[in-house]
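Visitor: Okay, sequence plus prediction incoming.
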Amino acid sequence: MRIIRTVLMIIGAVATLAAAGVVAAVVFFSMYKPPVPDKTVLTLDLDRNVVEYGSGKLTPWSAFGKAGPELWEIVAAIERAAADERVVGLAARVGSSSMGLARIQELRDAIRTFRRSGKPAYAFAESFGEFGPGNGAFYLATAFEKIYLLPSGDVGLTGLLAQSYFLKGALDKLDVKYSLEQREEYKGIKEMFAEDGFTAAQRAALTRILESLTEQLTAGIAGGRGLSHAAVGDLMLRAPFSAQDALAAKLVDGLHYRDEVDDLIRERLGADVAFLPLSRYRRRLEEKDGDATTVALIYGLGQVHRGRSRYRTLAGENSMGSDSVARAFRRAADDDDVRAIIFRVDSPGGSYVASDVIWREVRQARKKGKPVIVSMGNVAGSGGYFVAAPADRIVAQPATLTGSIGVAAGKLVTRGLWDKLGVSWDQVAGNTNATFWSTLQDYDPDQRNRLGHLLDVAYDDFVSKVAQGRKLSREEVRAVAKGRVWTGADARENGLVDELGGYAATLRAVREAAGLEPDAAIRLRLFPRRESTLRLLVEELTGYGNSEIEFPEPHLIRGIVERFGLLANRPRSRQFDGHRNVLEMPLPARLR
């Protein structure tokens, strides 16, 4: 026994030393930063999606979803590379992506900043659209000095198109009625279910949006390619172009394969250049912000709802939970190290109540002496604008879709569909008004009046808070409200936005609001901190995420089991919830 005990002790000691060695090695390699080579050309893949928040680095399973690199991390790294003597150029792959035009403009701004340092920037594309629209990708590419296209590629620069589906015919066939009220005529949610096409108000709003975006697209391409605006408009009418025709039209600078583009870069910058992915460059950078001013960065992304924010990794989707965002504002406002707050909003809206909770915390942070600067992404409409309205300043890209100051609410009435399917329902009501939220029957006249009153109160509150935050009269706000969506460029003209721009413009606004020097160094600190991999995994598998919990939790484990169908008697709701959120921005139109 003594020999066995001795052997086991030796084995245990060896295992402990081995484990300690592994841990030490992991710590060492995680802290070790290889130097950035001299004569570095940074490479960047913009052919994949670029997200606002929640990149693949968060979780090992993100590779199976839509998550990509984070926008502001890319922008900050490019701007830092512009002043880095070791970096001599930038080469990016472009061609197709689900990025919106505002996100593309953010990247264009960073690339143009890089080029102003005198360093070349190259774009390579296998195709701009590949027998499909490639407007956004080509618009992005024109920020680069040179554009190279695969000899078999094409350029689908055919212009922007807004398309929307309308469900009235399908609902009629299913005998489903959508009973909804909205404020006001531009809101556009009711028409999706009650009309066969755009109303005059919707068509007018969409026409102006397309005019504004086309103006921006044309100006960017014309400036990047040295063409007149008229020439770009003519090219859009003649597109799509084969690679050879695109070269003849001066849309691209050469037709090459990727390895040939690398050779062209070496010919210009030297055979000894080192190609380094931007993500690795960023990790190798030394922190130089020891004396920097701390600024809180709070994200408000996706649909607004009560509870905790969620990031659905596999779907690549975020949501803005009022509990999470409100708590982030409180903590940032109470942190003595934080001088100001950046609130990055990319949201079509959602819950009125949740939006109001966040609105309050933005106001409270300002009362505690912390300036709040809102930076808008692709979309900041309806509830997404509601939460932004009380900020000190609002910065948006020209292509941001914002406004949609209006409200809507209603329900699907499904009694006819159930009758068609041979499914009968019965009910016992405690009083005649208990059916108000039931999807089995429509509102009676009194109930519809009360629904309208609730919407009037919410709409009046929305208009009042925008007027208060933007220092406009109620009449001025109502003139640009009515549920109408504006581009950021038009929103600046009508007073809904203060300044056009992205990362750099937002930091300038922060320095001004916080009384800092124009060149003061800023350290961005994320509030709240990133979620742990365990929490993200459990929320991904269970759908739970609206409560403050500690792991492990029995109901979460049960949720995993239920999600994979391992329990036969999982309770299910028998009634479809057809109610709409009050502050939701309609985005049925697909811009291509």
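Guide: Nice, thanks for sending it over. Numbering: from 1, shown residues only.

Visitor: which residues touch residue 528?
Guide: 324, 327, 328, 331 (CB atoms under 8 Å, 6 or more residues apart in numbering). The C-beta positions use only the backbone N, C-alpha and C, and glycine is treated the same way.

Visitor: Mind giving me the ChimeraX command for buried ones among those?
Guide: Command for ChimeraX that selects the buried part of these, burial taken from 16 or more other CB atoms under 10 Å:
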select :324,327,328
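
Visitor: Can you convert the contacts of residue 528 into CSV and add a column each for pLDDT, secondary structure and distance to residue 425?
Guide: Formatted as CSV, the contacts of residue 528 follow (pLDDT from 0 to 100; DSSP: H, G, I helix; E, B strand; the rest coil; distance: CB to CB, whole Å):
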residue, pLDDT, secondary structure, distance to residue 425
324, 95, helix, 38
327, 97, helix, 41
328, 97, helix, 43
331, 97, helix, 48
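
Visitor: what's the closest of the contacts of residue 528 to residue 506?
Guide: residue 328 (17.2 Å; CB to CB).

Visitor: Find the nearest non-adjacent residue to that closest one, please.
Guide: residue 527 (4.1 Å; CB to CB, 6 or more residues apart in numbering).

Visitor: JSON lines please, covering the contacts of residue 528 and showing distance to residue 141.
Guide: Shown next, in JSON lines, are the contacts of residue 528 (distance: CB to CB, whole Å):
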{"residue": "324", "distance to residue 141": "37"}
{"residue": "327", "distance to residue 141": "41"}
{"residue": "328", "distance to residue 141": "36"}
{"residue": "331", "distance to residue 141": "41"}
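
Visitor: Tally up the residues packed near the residue nearest to residue 328, please.
Guide: Residues near residue 527, counting by other CB atoms under 10 Å, number 22.

Visitor: I'd like to know how far it sits from residue 327.
Guide: From residue 527 across to residue 327, the span is 9 Å (CB to CB, to the nearest Å).

Visitor: what do you get for residue 70?
Guide: The spacing between residue 70 and residue 327, counted by CB to CB, is 22 Å.

Visitor: Same check on residue 248?
Guide: For residue 248 relative to residue 327 (CB to CB), the value is 58 Å.

Visitor: Please apply the same query to residue 461.
Guide: Taken as CB to CB, the span from residue 461 to residue 327 is 23 Å.

Visitor: do the same with residue 492
Guide: On the measure of CB to CB, residue 492 and residue 327 end up 32 Å apart.

Visitor: what's the answer for residue 276, then?
Guide: Distance, residue 276 to residue 327, by CB to CB: 39 Å.

Visitor: do residue 215 as well
Guide: For residue 215, the distance to residue 327 - CB to CB - is 41 Å.

Visitor: Could I get the CA-only coordinates of the one helix or strand residue 359 maps to as PDB?
Guide: Element membership for residue 359 (DSSP states H and E) is helix 352-367. Coordinates of each C-alpha in helix 352-367 appear next as PDB, following Å, rounded to 0.1, in the frame of the first residue of the first chain:
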ATOM      1  CA  TYR A 352     -42.400  51.600 -26.100                       C
ATOM      2  CA  VAL A 353     -42.000  50.800 -22.400                       C
ATOM      3  CA  ALA A 354     -38.500  49.500 -22.900                       C
ATOM      4  CA  SER A 355     -37.500  52.500 -25.000                       C
ATOM      5  CA  ASP A 356     -38.800  54.800 -22.300                       C
ATOM      6  CA  VAL A 357     -36.700  53.000 -19.600                       C
ATOM      7  CA  ILE A 358     -33.600  53.600 -21.700                       C
ATOM      8  CA  TRP A 359     -34.600  57.200 -22.500                       C
ATOM      9  CA  ARG A 360     -34.800  57.900 -18.800                       C
ATOM     10  CA  GLU A 361     -31.300  56.500 -18.100                       C
ATOM     11  CA  VAL A 362     -29.800  58.600 -20.900                       C
ATOM     12  CA  ARG A 363     -31.300  61.700 -19.200                       C
ATOM     13  CA  GLN A 364     -30.100  60.600 -15.800                       C
ATOM     14  CA  ALA A 365     -26.500  60.100 -17.100                       C
ATOM     15  CA  ARG A 366     -26.500  63.700 -18.400                       C
ATOM     16  CA  LYS A 367     -27.800  65.000 -15.100                       C
END
